[in-house]
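Asker: predicted model and sequence below, questions to follow.
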Amino acid sequence: MGIIKLADLIRTEAPGAVSRKEIGDYSGKVIALDTSIVVNQFRAAVPSLQLSPLLGLFFRTLTFLEHDIKPVFVFDGKPPVQKRAVLEKRAQNAGWNSSYHSNTVSNKTQELLRLLELMGVPCIRASADGEALCAHLVRCGLADAVASEDMDTLPFGGTTLLRQLNAKRDSEVTEYSLPKLLETLQLTQKEFVDLCILLGCDYCDKIPGLGPSRALKLIQKHRCIEKVVHNINRKTHPVPLGWQYPAARRLFLDEPQTQTPSLSWKDLNEEGIVQFLCFEKHVKEERVRKRMENFRQTLTKRRREREADEKAGRTRQLRLDECFRVTRRRASEDAMGSSSRKRAKTK
């Protein structure tokens, strides 16, 4: 779930904190990925195919590497007790077994870890929620951005959040800037966390009937939940009994209990990947080898172009339109605006 209607609130109240990018814009960047979100996307896309998460992760990781993106896959640890009800409800709705009570790594997760190790990309298991560790990696300078569909990354303090970062060529990435958001809303990080709790999060109940715009105005005026509670109509907005918002606030603001990891990337273990995917998981060998051959050719082409440029002592000069990239959505909007202006001139 993430934070209820936070994306909508940002779009209306702080549009300058949102930008549209393409996957190529993140070349050379280290991206921390909330692996549970990625896996659930593949699982939901083809629920009948048991290998869907493995194959999806294989193809998507190669696409990231082809774009010179350095992925770091972060796995959830044991979730906090405050998230128990949400996780069990999600598992029930999806028909999955809840793993809340288990602190062991499932067989499916072990398979994902094995595949990513063979692909040479770093994997980290968080002590609790993966989003918190992803945000921590960005704050301490080990990653440039977090890729996740959940908006929790922002209250956890992740300065740059990427949504829709996937392997589709026509996909447009939505980038959220936390510093720009806080500046526009005139909030501190702690006040922003309180706003997110009022909107509705995974860690506690919310005040019924309190909409996003109203919640924002209350936080901007009173600056904390404690004062908001004393300045609302309890009949129209009843405060939940035993409301656990202080615990939720601590989860967002406290640093993850983990050692700072050392990140490194290695070459593909192609024969190891074939052994695992093809001979153990029975994926067609031709499919796997062909994709890795295309990957190898892409890297070779890029290396030759770089060597040729260095030998010639030149760097490619960007065109003006490349400096101000026009994405598909903005191009469409510009075209519509141009057509409107033309019609106006002919009247």
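Answerer: Good, I have the coordinates.
Asker: and the helix or strand hosting R20, what other elements does it pack with?
Answerer: Per DSSP states H and E: R20 is located in strand 18-21. Contacts defined by 3 or more CB pairs under 8 Å, 6 or more residues apart in numbering; DSSP states H and E place strand 18-21 against strand 173-177. C-betas here are computed from N, CA, C, even on glycine.
Asker: contacts for the following helix or strand past the strand it packs on next, please.
Answerer: As assigned by DSSP H and E, the chain's next helix or strand after strand 173-177 is helix 178-185. By CB atoms under 8 Å, 6 or more residues apart in numbering, the surrounding residues in contact with helix 178-185 are 10, 13-14, 16-17, 154, 157-161, 188-189, 192, 195, 216, 220.
Asker: PyMOL command to pick out the buried ones of these?
Answerer: The buried residues among the contacts of helix 178-185 can be selected in PyMOL (16 or more other CB atoms under 10 Å) with this line:
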select buried, resi 10+14+17+154+157+158+159+160+161+192+195+216
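Asker: of the contacts of helix 178-185, which belong to helices?
Answerer: If you go by DSSP state H, the contacts of helix 178-185 have 10, 13, 189, 192, 195, 216, 220 in helices.
Asker: was I right to think the fourth one contacts L154?
Answerer: Just to be clear, that refers to F192. Yes: using CB atoms under 8 Å, F192 makes contact with L154 at a distance of 7.4 Å.
Asker: what's the distance between the residue nearest to L154 when sequence neighbours are not counted and L161?
Answerer: Closest residue to L154 apart from its sequence neighbours, by CB to CB, 6 or more residues apart in numbering: L178 at 5.3 Å. Relative to L161, L178 is positioned 7 Å away (CB to CB, to the nearest Å).
Asker: joint contacts of the two?
Answerer: L154.
Asker: would you mind giving the ones in helices among the contacts of helix 178-185 as CSV with pLDDT added?
Answerer: Formatted as CSV, the ones in helices among the contacts of helix 178-185 follow (pLDDT from 0 to 100):
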residue, pLDDT
I10, 98
E13, 98
Q189, 98
F192, 98
L195, 98
L216, 98
Q220, 98
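Asker: how about the strand holding R20: buried residues?
Answerer: With the criterion 16+ other CB under 10 Å, strand 18-21 contains buried residues 18, 20-21.
Asker: between the residues you listed, which is closest to E270?
Answerer: Nearest to E270 out of the buried residues of strand 18-21 is K21 (CB to CB; 31.0 Å).
Asker: check what pLDDT the nearest residue to that closest one once chain neighbours are set aside gets.
Answerer: Spatially, and ignoring its direct neighbours in sequence, K21 is nearest to V173 (4.4 Å; CB to CB, 6+ apart). The per-residue pLDDT reported for V173 equals 96.
Asker: what residues are up against V173?
Answerer: Neighbours of V173 in contact, by CB under 8 Å, 6+ apart: 20-23, 25-26, 162-165.
Asker: which strands or helices does the helix or strand where F295 lies pack on?
Answerer: Per DSSP H and E: F295 is located in helix 285-312. Judged by 3+ CB pairs under 8 Å, 6+ apart, helix 285-312 is in contact with helix 52-66, helix 270-274.
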